[in-house]
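Engineer: For reference, the sequence and a predicted model appear below.
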Amino acid sequence: MRSYLRDLGPGLLLAATGIGVGDLVGATIAGAEYGLTLVWALVVGVVIKFAITEGIARWQLATGETLVHGWRSQLPRAVMIGFLVYFTVWSYVTGSAMVAASALVPAAILPAVPLPAWGVLHAVAALAMVWVGRYERFVDGMKWLIGLMFACLLVANGLILASGAEWAVAGRRATVTLPYALSLIGGVGGTVTLLSYGYWMREEGWTGSDRVGSARTDLTASFALVFLFSLSMMFLATQIRWEGSILDQGPELALTLANRIAEETGPAGRLVFLLGFWGAAYSSVVGVWHGVPFLFDDWIHIWRGRSPTGQHGAAYRGWAIYLTLGSISALLIQRPVWVVFVYTVVGSLFFPFVISTLLWLCNSRAMPVPFRNRITVNTVLVAALGLYVYLGVRAIS
């Protein structure tokens, strides 16, 4: 297992970052309410996210430009401004949510220390790792976190199976609604973090069109991990006796699930699951703190007509500080209503925007002919565009 993880490229980082609280909550609710009948939705979701990320990687390797550079060179200047608005709000809202979710576990184990204090500790620790750590150390740390996440999840499943708990494939609801199924498809595997893959390829030294095959293999392994994690969570949820509605619960659902596991297996099962949840939540924090600042560094230098300076440049470190201070401020004060409104409205446009630009750029003359989209890729992307337009309309209606 260790040798296999050692051979994986930036796709492992993408999986560790993309597998987060949202996947855990979504898969748990799906398993509790519908059993294993929505496994097909997980498959469709990872196929769509694979197609999007593969397009991002293929564009960069075939043209030598990041996707952000492609927006600047091929699209109106307003596109760059619009993305920066969304990116700024997304970083604040998502960073704070991830840090708060990571703090849930230590706060549950040691309740004498308040949750905001744990959140501040997690945010500052992520900043320190990014500030002083080399890329290789970051990769090693993420491997430990994703190993912890999967090991604990497997042990939790094993403990509850050994306890003789009853589970049902059908779940508590007989009929799956189409809107819920589409929401599960759209929520698998990350959002803006998909754009970080191109920068991790660059850090890994992957350049040139001969690396397209490597990226596809790497991304296949990455989204296989995303699928396996979500499937394991869905399966685990089928083995729990649920009481009352869980549809409106957020990250706190993990604590509810941990308590249900304790009822079946004892305190050991609860602790193991909480450690796995913490690994999933904090790997997302560290991944965002490392990968997302590359986007701002790229954006600001492309806007100025200069070359990006990378992890030790002022733009990169400035955005890492923004993520840290923003998450801490959100823990200590109530999040402004207008921020949530902007996040919902502009965020609903993100995937339609990215998919539309991929359809344009990867079929344009700027893309070398051998690497332009094939009809199967265009079909998947057009279907994904329709899905995210639908989800966006639902989010703002």
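Structural biologist: Nice, thanks for sending it over. Computed from a predicted structure; not experimentally measured. Numbers count the residues shown, from 1 in each chain.
Engineer: pLDDT below threshold where in the stretch 151-300 of the chain?
Structural biologist: 164-174, 247-248 (pLDDT under 70).
Engineer: now the helices for it?
Structural biologist: Here the stretch 151-300 of the chain has its helices, by DSSP state H, counting those that start in this stretch, at 178-187, 196-204, 212-238, 253-265, 267-303.
Engineer: For the third one, buried residues please.
Structural biologist: Neighbour-count burial for helix 212-238, with 16 or more other CB atoms under 10 Å as criterion, is recorded at 212, 214-215, 218-219, 221-223, 225-238. The C-beta positions use only the backbone N, C-alpha and C, and glycine is treated the same way.
Engineer: For Pro116, find the nearest of the helices of the stretch 151-300 of the chain.
Structural biologist: helix 267-303 (15.2 Å; CB to CB).
Engineer: Report the angle between that closest one and helix 212-238.
Structural biologist: The directions of helix 267-303 and helix 212-238 differ by 150 degrees, with axes from the mean of the first three to the mean of the last three CA atoms, to 10 degrees as the criterion.
Engineer: and the nearest residue to Ile302 once chain neighbours are set aside, what are its phi and psi?
Structural biologist: What sits nearest to Ile302 in space, not counting adjacent residues and going by CB to CB, 6 or more residues apart in numbering, is Arg72, at 4.9 Å. Main-chain torsions, Arg72, degrees, to the nearest 10: phi -70, psi -40.
Engineer: Which residues are in contact with Arg72?
Structural biologist: Contact analysis of Arg72 by CB atoms under 8 Å, 6 or more residues apart in numbering lists 80, 302-303.
Engineer: hmm, which of those are the buried ones?
Structural biologist: Looks like the contacts of Arg72 have Ile302 buried, using 16+ other CB under 10 Å.
Engineer: next one: the helix or strand encompassing Arg58 to chain centre, how far?
Structural biologist: Under the criterion of DSSP states H and E, Arg58 resides in helix 39-63. In terms of CA atoms, centre = their mean, to the nearest Å, the gap separating the centre of helix 39-63 from the centre of its chain is 13 Å.
Engineer: Output the contacting helices and strands for it.
Structural biologist: Counting by 3 or more CB pairs under 8 Å, 6 or more residues apart in numbering; DSSP states H and E, the packing neighbours recorded for helix 39-63 are helix 67-74, helix 178-187, helix 196-204, helix 212-238, helix 350-361, helix 375-396.
Engineer: rewinding a little: got a markdown table for the contacts of Arg72, with pLDDT and distance to Gly55 too?
Structural biologist: Below are the contacts of Arg72 laid out as a markdown table (pLDDT from 0 to 100; distance: CB to CB, whole Å):
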| residue | pLDDT | distance to Gly55 |
| --- | --- | --- |
| Met80 | 89 | 19 |
| Ile302 | 89 | 19 |
| Trp303 | 87 | 23 |
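Engineer: Save the helices of the stretch 151-300 of the chain as a markdown table, and put in distance to Ile109 too.
Structural biologist: Shown next, in a markdown table, are the helices of the stretch 151-300 of the chain (distance: least, CB to CB, whole Å):
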| stretch | distance to Ile109 |
| --- | --- |
| helix 178-187 | 28 |
| helix 196-204 | 30 |
| helix 212-238 | 20 |
| helix 253-265 | 10 |
| helix 267-303 | 7 |
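Engineer: Just tell me which of these ends up closest to Thr17.
Structural biologist: helix 267-303 (2.7 Å).
Engineer: buried stuff in that closest one?
Structural biologist: For helix 267-303, using 16+ other CB under 10 Å, the buried residues are 269-302.
Engineer: and if you look at stretch 77-93?
Structural biologist: Of the residues in stretch 77-93, 83, 86-93 count as buried by neighbour count, 16+ other CB under 10 Å.
Engineer: swap in stretch 359-373?
Structural biologist: Within stretch 359-373, judged by 16+ other CB under 10 Å, the buried ones are 359, 361-362, 366-367, 372-373.
Engineer: With only the CA atoms kept, save that stretch in PDB.
Structural biologist: In PDB, the C-alpha atoms belonging to stretch 359-373 read as follows (Å, rounded to 0.1, in the frame of the first residue of the first chain):
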ATOM      1  CA  LEU A 359     -15.700  23.400 -24.100                       C
ATOM      2  CA  TRP A 360     -14.500  26.500 -25.800                       C
ATOM      3  CA  LEU A 361     -10.800  26.300 -25.200                       C
ATOM      4  CA  CYS A 362     -10.300  22.600 -25.700                       C
ATOM      5  CA  ASN A 363     -12.100  22.700 -29.100                       C
ATOM      6  CA  SER A 364     -10.500  25.900 -30.200                       C
ATOM      7  CA  ARG A 365      -7.500  26.500 -32.600                       C
ATOM      8  CA  ALA A 366      -5.400  27.300 -29.500                       C
ATOM      9  CA  MET A 367      -5.500  23.600 -28.600                       C
ATOM     10  CA  PRO A 368      -3.300  21.300 -30.700                       C
ATOM     11  CA  VAL A 369      -5.400  19.100 -32.900                       C
ATOM     12  CA  PRO A 370      -4.400  15.700 -31.400                       C
ATOM     13  CA  PHE A 371      -5.500  16.900 -27.900                       C
ATOM     14  CA  ARG A 372      -8.800  18.600 -28.700                       C
ATOM     15  CA  ASN A 373     -12.000  17.200 -27.100                       C
END
